[in-house]
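Enquirer: Turn this into a model:
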Amino acid sequence: ENTASKTPLPAAAELGNWSMVEALLQADARTDVVDKLGLTPLIAASYAGSQPIVDALLARPAAIDHYDFSDKRALDYAAAQGFDGIVSALIAAGSDVNQANSHAITALMWAAGYGHVVSSERLIEAGATLDARDDRGRTALMNAAANGHLEVVSALLERGADAGAKDNAGANALGLAEANDHPEIVALLASGS
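Expert: Below you'll find the predicted structure:
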């Protein structure tokens with residue numbers, strides 16, 4: 001273990017160092033190791049966006065839906081950063097698209113809130129609940145509207161997201177778009193499209 005409390009495999013995965021990961025896997029390094037930050041090699045590789053490392057780790061036993069100490073899983077990191085291939089690989093490996101963290105945030109909420117259309121669509125195709133709500137009562141559509149992600153708002157509406165849903169403060173997607181000065185989204189939502 002190094003001074004950052006990482007064992008070699010998570011550290012190499014986080015750096016995206018494929019040759020080191022490959023050597024460690026050939027030496028039968030444990031893929032289920034968890035460092036003092038709660039990171040597994042799979043979480044580290046997903047955060048780093050390293051598709052080859054994620055694929056290699058998924059070929060071995062791993063806790064696919066493990067949460068780190070910042071309350072995120074591999075799928076959450078990949079969705080939030082728009083690593084579409086990793087999102088697809090994690091879904092194919094069985095990651096639960098509807099699992100939510102302690103704030104009831106799902107991978108779709110992460111993807112939509114950061115404006116990643118393809119990751120959002122892949123999650124929806126895999127069965128992600130469109131109108132799931134976080135602990136603020138916000139849906140993926142509300143997050144996308146509040147953050148100005150027109151393409152995601154459009155994609156969610158096309159898939160049937162509830163534009164009239166209100167959060168715990170009584171705001172809907174239209175109100176959040178207005179409050180955050182996103183006129184194109186306001187126009188889209190106001191048109192009922």
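Enquirer: can you tell me which residues contact Leu176?
Expert: The contact partners of Leu176, taken as Cβ atoms under 8 Å, 6 or more residues apart in numbering, are Met142, Ala145, Ala146, Asp167. (Glycine included, C-beta is placed from N, CA and C.)
Enquirer: now, the most widely separated pair of those residues?
Expert: Ala145 and Asp167 (10.9 Å; Cβ to Cβ).
Enquirer: how far away is the residue in the chain sticking out farthest from the centre from Gly113?
Expert: Seen from the C-alpha centroid of the chain, the residue lying at the greatest distance (Cα atoms, centre = their mean) is Ala27, 30.7 Å away. Look at Ala27 and Gly113: by Cβ to Cβ, to the nearest Å, they are 39 Å apart.
Enquirer: ok so, going back, ok, so of the contacts of Leu176, who is nearest Asp181?
Expert: For these, the nearest to Asp181 is Ala146 (10.6 Å; Cβ to Cβ).
Enquirer: circling back to that earlier point, now, the contacts of Leu176 that are in helices?
Expert: Met142, Ala145, Ala146 (DSSP state H).
Enquirer: Chain neighbours aside, what residue packs nearest to Ile185?
Expert: Ala177 (4.0 Å; Cβ to Cβ, 6 or more residues apart in numbering).
Enquirer: Secondary structure element for the one you found, which one?
Expert: Secondary structure assigned from DSSP states H and E places Ala177 in helix 173-179.
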